[in-house]
Structures are given as structure tokens and as C-alpha cells.
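> I would like the atomic coordinates for the input below:
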Amino acid sequence: QLQLVESGGGLVQPGGSLRLSCAASGFTLGEYAIGWFRQAPGKEREGVSCISASDISTYYADSVKGRFTISRDNAKNTVYLQMNSLKPEDTGVYYCAAERLSCSWHGTLSYYAMDYFGKGTLVTVSS
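Alright, predicted model coming up:
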């Protein structure tokens, strides 16, 4: 069964860090680009970052550029999102998604291009 499972969310103070993980099962992660979305209550879904299957291309939303880093370990079938210098506006449910080979990034990540989705992990940035 194809599955993406996120972990690593939690409560963190402003300025703190978290590392999210997206673990894949039932398919070979190395054949897929993996993206991260987030959604806060009352706000639109936002494409945060994406990494291509080849690991050559990475993409970031302007709101997280310089603070977040996406990486992948295909041997562990896992993609990571390292989040540093967190701000209250980073609060939301973060979920990962997979599409074949390349990121459909045109200023932001295309939700409708993704083939599989995880259920999400909650990140709360608050003092």
C-alpha cells in the first residue's frame, strides 16, 4: 500500500528549529519528487518546498527561503524538511506529497500535480 507518513511536528518557540520527516512505504521514493505543503487555520494552502527525484533541483517559497532546507535520503526512503528561525506565521499542518520525477513548481508548488499525500503533522510556533 502506497503511503507517506509525516513526523517531527510539535510546539516550538519563535526562533527555534524543527526537522520534519516524510517516510514513504509501498513505492520507491527515489523515483518521485517530494513536496511540502502547509495550511494554517483560515489561510490558504501554501506550497513550501520541493525536491526533485534526482536531488538536483530544490525549490522554496519566498516566505521560507534561507530558513528551511529540504533534503532526501533515498536509502531510508525519507525526505526531510529542516526548519530554522521559526516564526509564529510558520504555524500550520505540514504535509508531504509525491509526484513522478520533477517538481511542478511555477512560483509555488502545484497541489493538483501531486499523486500521493500524507496526512500531515502539526507545527505550532508560539511563546
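> got the contact list for the nearest residue to Arg45 once chain neighbours are set aside?
Leaving aside its sequence neighbours, Arg45 sits nearest to Gln39 (Cβ to Cβ, 6 or more residues apart in numbering; 4.5 Å). (Each C-beta comes from the backbone N, C-alpha and C, glycine too.) Gln39 is in contact with Arg45, Glu46, Gly92, Val93, Tyr95, counting by Cβ atoms under 8 Å, 6 or more residues apart in numbering.
> apply 10 Å and report the result again.
Neighbouring residues of Gln39 by Cβ atoms under 10 Å, 6 or more residues apart in numbering: Arg45, Glu46, Gly92, Val93, Tyr94, Tyr95, Gly120.
> what residues are bridge-paired with Ile70?
For Ile70, the residues forming beta bridges with it (DSSP bridges) are Leu81.
> isn't it right up against Val48?
Yes - judged on Cβ atoms under 10 Å, Ile70 makes contact with Val48 at a distance of 8.5 Å.
> nothing else from me, thank you.
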